[in-house]
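**Student:** I'll drop the sequence and a predicted model, then ask my questions.
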Amino acid sequence: MSLSTSVQEQVSDTQIITASCPGGLGTVDAVTAYLYQQGCYINEINSFDDIDTQRFFIRIEFRPDRQSAFNRENFISGFKTKAASFDMDWTLTRKDDKAKVVIMVSKHDHCLNDLLYRYRTGDLKIEIPAIISNHPDLEELAKWHGIPYFHLPVNKDIKPQQEAMIWKIIQDCDADLVVLARYMQVLSSEMCQRLAGWAINIHHSLLPGFKGAKPYYQAYHKGVKLVGATAHYISDDLDEGPIITQGVETVDHSHYPADLAAKGQAIECQTLSRAVRWHIEQRVFLHGEKSVVFAK
Ligand SMILES: Nc1nc2c(c(=O)[nH]1)N[C@@H](CN(C=O)c1ccc(C(=O)N[C@@H](CCC(=O)O)C(=O)O)cc1)CN2
């Protein structure tokens, strides 16, 4: 269904401002009053004041009044002063801008396939400049979608060189986000530092349970009644990065590991795409070893 012209124009003008700062009186008022002074309507506003850590988070989607002479550079220049007075870390992005997402895979294709379908149908408004893999298995899938595929085999002897090539591709693509869609190689500390806060991994268990390799086997031997998936930012400590979102599905004694994997894969796809969507919509804030997520 096509949007009406006026709604299309409003969507194209929509901006997203995010900020986090030490908690204090008047922060919401300061930001919303500035938007009012700049002649902007607020489409959506979310905030969280963490009493435990005294940290405040806010996310506002807004659009300029059609009658206002909105100037983005002037808006930024004026907000810098406001933000500094509250010691804010802040961002301003255009809602319409498409994030450039580099996807990393190994042999499993379900998460890649789901992301590519959502990309092709416009469900995820992203660009995918490259797919990187340590195996050749998924090259045909990438070719079908017309996306460059980089097969970079790896072993412990050449891992530094392989990761250097990965990093060059990520930089050459000017990537905004890296997604590990069942990439089954542990990334080095150096790569984790480079990618901190903008590389999402899907782990096929409900973390912190069943970290590491073969979580469905681990779950089977524990007789779980739920299988799940966890989308998290990567960190040096394997599967310990800030959790973005999780999904679950019920199982029982009759499910063998292959059955758990079959049920879990659908959850992995759903959970990973939800995490990607929330990240590119600026809904996720890093907060120590955790995250604050203004879900929609
Ligand atoms: N530094 C990080 N690297 C990776 C993470 C992470 O959180 N931090 N997530 C993994 C994905 N993953 C589970 O979701 C995972 C992948 C691979 C293994 C593993 O042990 N693989 C091999 C060892 C491979 C290697 O040494 O590179 C094995 O099976 O022995 C565990 C978990 C992606 N990378």
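**Tutor:** Thanks, I have it.

**Student:** what's in contact with stretch 147-155?
**Tutor:** Where contact means Cβ atoms under 8 Å, 6 or more residues apart in numbering, the residues beyond stretch 147-155 that reach it are 116, 128-136, 138-139, 142-143, 162, 165-166, 169, 185. All C-beta atoms are positioned from the backbone trio N, CA, C, and that covers glycine.

**Student:** So which residues of the stretch 151-296 of the chain form strands?
**Tutor:** 177-180, 199-203, 226-233, 243-250, 284-287, 290-293 (DSSP state E, counting those that start in this stretch).

**Student:** can you list these in a markdown table and add mean neighbour count, mean pLDDT and distance to the ligand?
**Tutor:** As requested, those are exported to a markdown table (neighbours: other Cβ atoms under 10 Å; pLDDT from 0 to 100; distance: least, Cβ to the nearest ligand atom, whole Å):
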| stretch | mean neighbour count | mean pLDDT | distance to the ligand |
| --- | --- | --- | --- |
| strand 177-180 | 24 | 98 | 5 |
| strand 199-203 | 26 | 98 | 4 |
| strand 226-233 | 24 | 98 | 7 |
| strand 243-250 | 18 | 98 | 11 |
| strand 284-287 | 20 | 98 | 15 |
| strand 290-293 | 18 | 98 | 14 |
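
**Student:** and of those, who's closest to Y220?
**Tutor:** strand 226-233 (9.3 Å; Cβ to Cβ).

**Student:** Strand partners (parallel or antiparallel) of the closest one?
**Tutor:** If you go by DSSP bridges, strand 226-233 pairs up with strand 199-203 (antiparallel), strand 243-250 (antiparallel).

**Student:** what's the closest of those strands to H232?
**Tutor:** strand 243-250 (4.8 Å).

**Student:** Identify all contacting residues around that closest one.
**Tutor:** Residues contacting strand 243-250 (Cβ under 8 Å, 6+ apart): 200, 206-207, 225-233, 263-264, 266-268, 270-271, 274-275, 278-279, 284, 290-291, 293, 295.

**Student:** tell me which strands and helices the longest helix seen in the chain is in contact with?
**Tutor:** The longest helix of the chain (DSSP state H) is helix 257-280. Helix 257-280 sits against strand 99-105, helix 110-120, strand 177-180, strand 199-203, helix 215-222, strand 226-233, strand 243-250, with contacts defined as 3 or more Cβ pairs under 8 Å, 6 or more residues apart in numbering; DSSP states H and E.

**Student:** got the contact list for V284?
**Tutor:** Applying Cβ under 8 Å, 6+ apart, the residues near V284 are I244, A275, W278, S291, V292, V293.

**Student:** how about 6 Å then?
**Tutor:** I244, W278, S291, V293 (Cβ atoms under 6 Å, 6 or more residues apart in numbering).

**Student:** For it, list each beta-bridge partner.
**Tutor:** Beta-bridge partners, per DSSP bridges, of V284: V293.

**Student:** what residue ranges in the stretch 51-200 of the chain are flagged as low confidence?
**Tutor:** Within the stretch 51-200 of the chain, no stretch falls below the threshold (pLDDT under 70).

**Student:** which bits of it sit near the ligand?
**Tutor:** L180, Y183, M184, Q185, V186, L187, C192 (Cβ under 6 Å from any ligand atom).

**Student:** Of those, which pair is most distant in space?
**Tutor:** Maximum distance among those (Cβ to Cβ): 15.9 Å, for M184 and C192.

**Student:** more neighbours, these two?
**Tutor:** C192 (18 against 13; other Cβ atoms under 10 Å).
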